[in-house]
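Q: what follows is a protein structure lacking sequence information:
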């Protein structure tokens, strides 16, 4: 039991905080315009054409009852 804390500390500080090997876009100067899309129906998922992200509308129209 007395070796658990030193072992955890050693593992935490032995990892590198250097370069990560992934394909993220990190250029903050790039302008990504919002695409013009129709408002989707309630709980109907759509795919964003710019980033390929799935978006689901979780709100209904004003004044409509919320379905169960």
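A: Perfect, thanks for sending it. Keep in mind that what you see is a predicted model, and the values were worked out from it rather than measured.

Q: immediately after the lowest-mean-pLDDT helix or strand in the chain, which helix or strand?
A: Here the helix or strand of the chain ranked lowest by mean pLDDT, DSSP states H and E is helix 4-14, holding a mean of 76. Using DSSP states H and E, the next helix or strand after helix 4-14 towards the C-terminus is strand 45-47.

Q: what is the next helix or strand after that following strand packed up against?
A: Beyond strand 45-47 on the C-terminal side, the first helix or strand identified by DSSP H and E is strand 54-56. Packing partners of strand 54-56 (3 or more Cβ pairs under 8 Å, 6 or more residues apart in numbering; DSSP states H and E): strand 45-47. All C-beta atoms are positioned from the backbone trio N, CA, C, and that covers glycine.

Q: tell me who's in contact with the residue nearest to the spatial centre of the chain.
A: The residue lying closest to the centre of the chain (Cα atoms, centre = their mean) is residue 53, at 8.7 Å. Contacts for residue 53 (Cβ atoms under 8 Å, 6 or more residues apart in numbering) come out as residue 47.

Q: give me the contacts around stretch 40-50.
A: So stretch 40-50 is contacted by 32-35, 37, 53-61, 67 (Cβ under 8 Å, 6+ apart).

Q: residue 13: which of these is nearest?
A: Of all those, residue 13 sits closest to residue 53, with 35.4 Å by Cβ to Cβ.

Q: and the closest one, how far is that from residue 38?
A: For residue 53, the distance to residue 38 equals 17 Å [Cβ to Cβ, to the nearest Å].
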